[in-house]
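sequence first, predicted model second:
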Amino acid sequence: MYARDHDHLLDLMREHPDATPSTFLADSSYASWLYDHSDLRRLKSAMQGDPDPEAMDRWDLSPGLWREQVAMALLALTRKA
């Protein structure tokens, strides 16, 4: 089962504490890509700035969905660390 959003991801991670957080990120999602290719520092910085227009275009995301995907990747990486 893949997480629909940040809160759902948090619920899934609580329900399955032994599972790797990335298990709940859809394989073809921006959140999954960030999980595999970014780090906590970059994601925290991204959350404080404006949405990345290039990433939004490439992944077909609105600013709100971009932030949601970054937040999901950040949560998953935080729990991984």
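Now that the structure is in, tell me what you want to look at. Owing to the predicted nature of the structure, the values given are computational and were not obtained by experimental measurement.

quick check: mean pLDDT of the one helix or strand Glu54 maps to?
Element membership of Glu54, judged by DSSP states H and E, is helix 53-59. The average of the pLDDT scores along helix 53-59 is 98.

and the pLDDT at the residue lying farthest from the centre of the chain?
Ranking residues of the chain by C-alpha distance from their mean position (Cα atoms, centre = their mean) puts Asp18 at the top, at 18.6 Å. Looking at Asp18, its pLDDT stands at 94.

give the helix, strand or coil label for the residue lying closest to Trp66 once chain neighbours are set aside.
What sits nearest to Trp66 in space, not counting adjacent residues and going by Cβ to Cβ, 6 or more residues apart in numbering, is Pro51, at 4.2 Å. All C-beta atoms are positioned from the backbone trio N, CA, C, and that covers glycine. Here Pro51 is recorded as coil under DSSP: H, G, I helix; E, B strand; the rest coil.

could you give the number of residues near Pro51?
For Pro51, the count of nearby residues is 17 (other Cβ atoms under 10 Å).

try the one 3 residues further on
Counted with other Cβ under 10 Å, the burial measure for Glu54 works out to 8 neighbours.

what sits against the residue nearest to Trp66?
Listed by Cβ atoms under 8 Å, 6 or more residues apart in numbering, the contact set of Pro51 reads 61, 63, 66-67.

got a list of what the most centrally placed residue in the chain touches?
Per Cα atoms, centre = their mean, the C-alpha nearest to the average position across the chain is that of Ala73, at 2.3 Å. Contacts for Ala73 (Cβ under 8 Å, 6+ apart) come out as 25, 30-32, 34-35, 38, 43.

now do Trp59
So Trp59 contacts 30, 33, 66, 69 (Cβ under 8 Å, 6+ apart).
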